[in-house]
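Undergrad: Okay, here's the prediction I keep looking at, along with the sequence it came from:
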Amino acid sequence: MAVIDQHNAPAAVDETYMPPSRSPWAETWYRLRRNRLALTGLVTFLVFFAVAVAGLALTSGKDPILDPARVRLQEKLRPPLATPKTDALRMEELPPLGLYLLGTDDLGRDVFARMLQGAWVSLTVGFVAVGISVSIGILLGGIAGYYGRNYITLGQLLIWLLLASAVILSFTAGMTAAIILAVAGITLLILHVRQNRDTPELPATIRWMAVPTMQVDTLIMRAVDIMLCFPSFFLILTVVALLPASIYNIMAVIGLTSWMGTTRFVRAEFLSLREQDFVAAARALGISDLRIIFRHIMPNAVAPVLVSATLGIATAMLTEAGLSFLGFGVPPPHATWGNILSDGKGYIFDAPWLTFAPGLTILVVVLAFNLFGEGMRDILNPKLRERN
Amino acid sequence: MKQSQNILLSVEGLKVHFLGDGPPARAVDGVDFTVRRQETVCIVGESGCGKTVTALAILGLLKQPPAVIAGGRITFDGRSLLDMPAEALRELRGRRIGMIFQEPMTSLNPVFTIGDQIGEAVLTHEQVPAEAVRQRTVRLLDEVGIADAEQRIQDYPHQLSGGQRQRVMIAMALACEPDLIIADEPTTALDVTVQAQILTLLKKLKQEKRMAVQYITHDLGVVAAIADRVYVMYAGIVVEQGTAGQIFDRARHPYTMALLDALPTKEKRGQRLYSIPGSVPHPAYKPKGCPFHPRCRYRRSACETVYPDMCEYGRGHRARCPVLFADALQMETSS
Amino acid sequence: MSAPTAPLLTVEALKKYFPVRRGLLQRTAGHVKAVDGVDFQIQPLQTMGLVGESGCGKSTVARLILRLLNPDNGTIRFDDREITGLDERDFKPLRRKIQMIFQDPYSSLNPRMTVAQSIGDGVRMAGIRDKAEQRNRIKQLLEMVGMPAASADRYPHEFSGGQRQRVGIARALSVSPQLILCDEPISALDVSIQAQIINLLKDLQKELGLSYLFISHDLNVVSYICDHVCVMYRGRIVESAPAAVLFDDPRHPYTLKLLSAVPEATTVGWSPRVESERPKATPPGGCSFADQCPDRNDACNQAPQDLVRVGDEHFVRCWNAS
């Protein structure tokens, strides 16, 4: 029997003559390791993260090891790496490192300690602001992308308008008006929900509530367009000028004014993903909308969102630095990179380290985030990958 | 001697490897074939068998890196293409070798009219006055069967159907009256009725313009319809070659036979189709010996280690399998 | 297959028009009549072929049956229950009975889910709650489609097109359907793989008692696998007949044109019957094929013809056929 019959043909053909197996995450990590610039960005970011956390531990508390607020007027504008004049200082005024690593400012405060304190501010502002904007963006973008073709009825529109204006009014003067509006809104809401639950046929009195007005997608995307019309930095300036200066307000304001890009992004991803056959297959199996959104669509949409979030962190940090530089940011004496830069601008020729230390740090950190983000975009986008 | 003058394109021992992660992917692994003047040669094979890479290598359009030409020679009309400077090769492309690609949707630039695009194909290689270019464009469109060519040169690609776009692509390939047209799956994206029109057109033009066609496809039906000679490729090598009649009526390689047996037709209704087990090997992880042996129903132990030789079956019919028709082979060599 | 049993699926006067929106206000400027009055039945254990060229509406029919789209008109009855009017809650138990296999094995599997997760979705929907039981069922399904159990924890990108198509079939089988809509299930696959999938579909049909709606543009495959064939042209069925009859005795000029255009590997040096590409101008309201029809006469321009019975189970929509 020279000839082997078909039934004995090897079954494991594919195992033997295929490249080794890798999960999508392992594949991403493998490609990241080969992309030097992105890897540099990631390492820089991790170092920055470690420094910021260490900075928080070293500079906060009642009696911090490195006190960013300690004023030593006799030691002002010392250059970097200068050793303190031990005779002029009291024991507790001596810098614990034995030297001023990045010099001192016009009040004799240790710039290194202030930079450490500012690192934590930059980090939290970046992450919290982007956290806010990405959450809003994913929510609105997801709704616009998945439910975009549904119409909003007149009833729904009215309910939301009433409730929203009630909330706004309760913050400003008219409390009575707010309560009236809220009651009206809630009544309508109850009517609406009961109608939907009990009978699909509406009685004539409230049939107008079911009149379709506009598509969900139209509403959300026009809101995005309107938000994008404002020059956002000046919008932030205005809001910050009205609100009490605090680091939390800054985070919230930056977050609330920068969700539009993510929204557009997520919407586009959802629109293309919901037309994919695997979503059709999931719907054919009878899987619920929520599970389709979170289990099937979101994991595929999240990669590009993470990329834009990385770039967004860099932008948020720049915005915070810009606000602090202009004096609208985190109030003194708390140090941020922006206000160190701002304080230093008067001494740019006498004490250039006051400008260069925060300036270069901002440059390096923002650049690292951008490199990492751009790198991840290349790595996660299969179309760009083929081109290389 | 007359034979060798007749040969327009010859590829000898061509090897193209792709370097990347892991071992090099040997996409084309020693391919020999020839295209004679005024002949339609079909290169048939499944995706990943190296047929498109071979065509790109001939045209000098491989991206290097990641591709590397690891060996072999390509000769067109007596000149070696691999040693030719880029400038000369570009001159040759379009002027002497025309190309038609698979996707008529993306091969045309959406922001120029089709008249502009065909005109550009003419002007790239010849200095002709504008009016002559226009006349030539109209004539070309007319030749490829586009109605009202005078008006249609103003159209943008999106105004044309898929079949019409492919006709425009053919007109562009014909612009400089090339000796050879390389067509890479030009009808795969089209409906069968449109495919029939395009195939008929190609046959007619080949007659009229006395040009050779190298036609790359995976569709055995198309091959039977248009080919003078056929090369069957598998895993980067040619496994069988011959005239269309030889390949379809007297296939001598197990892979070709398996492909023909696996085709569903109405005559086979009720019978079980033969199916080739497994799938095409990854070009970087090809089996030793005969690359087809793991899927072959006639394999012997020798197939796992020995790379098979081309066996001669007379009148240009060759198959790279010394096992299947060993008896017939001996008879032919002895007689 | 002309047994007097009740049909599994009945589609009647099915219509779907897609609005064409233009301009700033997205006003509806017209309609694309994707499906324009389609009727057919699928008997239990039957393979019904739906043939036509791209854009003829054959995929839309499948999406309407699955309720991925809502029809504008017409009824769909499955197992003698009308499913067109049902709301999602009442339709849910029936949904499992109809599944779909898709054309593109690359977009039909979620790239971020392992094979086990993809199939597991369906296994859960079939009501299997216990983890170990789910695992067993996944293994059993993979075995059914000829995939090694070890492939369960791999991701789709590690498989070839044919293997992905097998996984897609396993997913469709996970809810034990009676009817599977196959939307060009093999046209994206390599020649050597197509036969594997065709054989698999036929084996599964025998083992599990499935019915298929087999949508394809490849007439060779349809002639091999289908029991009954409907030819669609511009949203309508123009000819419907048992496969043997349709391929041996086609009556509609469009069917003739399609059949003559198919190159067959058995005929070397084929030449098709190609009419001039130039369509003749025809008044609207007549037969939709009149502009390309070689045999048209005045009647064709007057009114669209109904499906006319020309033989046992053989219907043709043509004035010249009767």
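TA: Received it, and whenever you're ready, just let me know what you need.

Undergrad: From now on I want contacts and neighbour counts done on CA atoms only, so please keep to that.
TA: Noted.

Undergrad: Now do the strands in the chain.
TA: Picking chain A for this. For chain A, the strands defined by DSSP state E occupy A:151-153, A:212-215.

Undergrad: You answered for a different chain; I wanted chain C.
TA: So, for chain C - with DSSP E - the strands run C:9-22, C:27-42, C:47-51, C:73-78, C:81-82, C:98-101, C:179-183, C:211-216, C:228-233, C:236-242, C:308-311, C:314-316.

Undergrad: repeat for the stretch 151-300 of chain B
TA: B:180-184, B:212-217, B:229-234, B:237-243 (DSSP state E, counting those that start in this stretch).

Undergrad: Given the shortest one, what are its sheet partners and their directions?
TA: Meaning strand B:180-184. strand B:97-100 (parallel), strand B:212-217 (parallel) (DSSP bridges).

Undergrad: how about the biggest helix by length in chain B, does it get close to chain C?
TA: Of all segments of type helix in chain B, defined using DSSP state H, the longest is helix B:192-209. Yes - where contact is defined by Cα under 8 Å from any Cα of the partner chain, part of helix B:192-209 touches chain C, namely B:V192, B:T193, B:Q195, B:A196, B:Q197, B:T200.

Undergrad: can you redo those residues as a markdown table with neighbour count and pLDDT?
TA: Putting the residues of helix B:192-209 next to chain C into a markdown table (neighbours: other Cα atoms under 10 Å in any protein chain shown; pLDDT from 0 to 100) gives the following:
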| residue | neighbour count | pLDDT |
| --- | --- | --- |
| B:V192 | 24 | 84 |
| B:T193 | 21 | 82 |
| B:Q195 | 21 | 84 |
| B:A196 | 25 | 85 |
| B:Q197 | 23 | 83 |
| B:T200 | 19 | 85 |
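
Undergrad: export those to TSV and tack on distance to A:H296?
TA: What follows is the residues of helix B:192-209 next to chain C, written out as TSV (distance: Cα to Cα, whole Å):
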residue	distance to A:H296
B:V192	36
B:T193	38
B:Q195	38
B:A196	41
B:Q197	43
B:T200	46
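
Undergrad: between those residues, which is nearest C:L8?
TA: B:V192 (31.3 Å; Cα to Cα).

Undergrad: Between the two ends of stretch B:33-43, how far is it?
TA: 9 Å (Cα to Cα, to the nearest Å).

Undergrad: List the neighbours of that stretch that are in contact with it.
TA: B:6-12, B:51, B:179, B:206-207, B:210-217, B:223, B:226-233 (Cα atoms under 8 Å, 6 or more residues apart in numbering or on different chains).

Undergrad: Swap in 7 Å and give it another go.
TA: If you take Cα atoms under 7 Å, 6 or more residues apart in numbering or on different chains as the criterion, stretch B:33-43 is touched by B:6-12, B:51, B:210-217, B:223, B:227-233.

Undergrad: Output the below-cut-off pLDDT ranges for the chain.
TA: If you meant another chain, say so; for now it's chain A. A:1-22, A:172-173, A:194-207, A:381-388 (pLDDT under 70).

Undergrad: um, chain B though
TA: In chain B, residues with pLDDT under 70: B:1-5, B:104, B:326-335.

Undergrad: How about the contacts made by the residue sitting nearest the centre point of it?
TA: With distances taken as Cα atoms, centre = their mean, B:I216 lies nearest the centre of chain B, 2.6 Å away. By Cα under 7 Å, 6+ apart, the contact set of B:I216 is B:C42, B:I43, B:V44, B:K51, B:A183, B:D184, B:E185.

Undergrad: Please check those and keep the buried ones.
TA: Neighbour-count burial (16 or more other Cα atoms under 10 Å in any protein chain shown) applied to these gives B:C42, B:I43, B:V44, B:K51, B:A183, B:D184, B:E185.

Undergrad: how far away is the fifth one from A:A129?
TA: Put plainly, it is B:A183. Taken as Cα to Cα, the span from B:A183 to A:A129 is 55 Å.

Undergrad: What of the second one?
TA: Note on B:I43: its distance to A:A129, by Cα to Cα, is 59 Å.

Undergrad: Spell out which helix or strand contains B:L56, please.
TA: Remark: B:L56 resides in helix B:51-59, with elements defined by DSSP states H and E.

Undergrad: same for that helix, what does it pack against?
TA: Counting contacts by 3 or more Cα pairs under 7 Å, 6 or more residues apart in numbering or on different chains; DSSP states H and E, there are no secondary-structure elements packed against helix B:51-59.

Undergrad: Tell me how far the helix ranked longest in chain C lies from the chain's centre.
TA: Across chain C, the longest stretch assigned as helix under DSSP H is helix C:191-208. Relative to its parent chain, helix C:191-208 has a centroid offset of 16 Å by Cα atoms, centre = their mean, to the nearest Å.

Undergrad: now swap in stretch C:105-114 and tell me
TA: With Cα atoms, centre = their mean, you get 21 Å for stretch C:105-114.

Undergrad: That one and chain A in contact?
TA: Yes - contact of stretch C:105-114 with chain A is found when judged by Cα under 7 Å from any Cα of the partner chain, involving C:S107, C:S108, C:L109, C:N110, C:R112.
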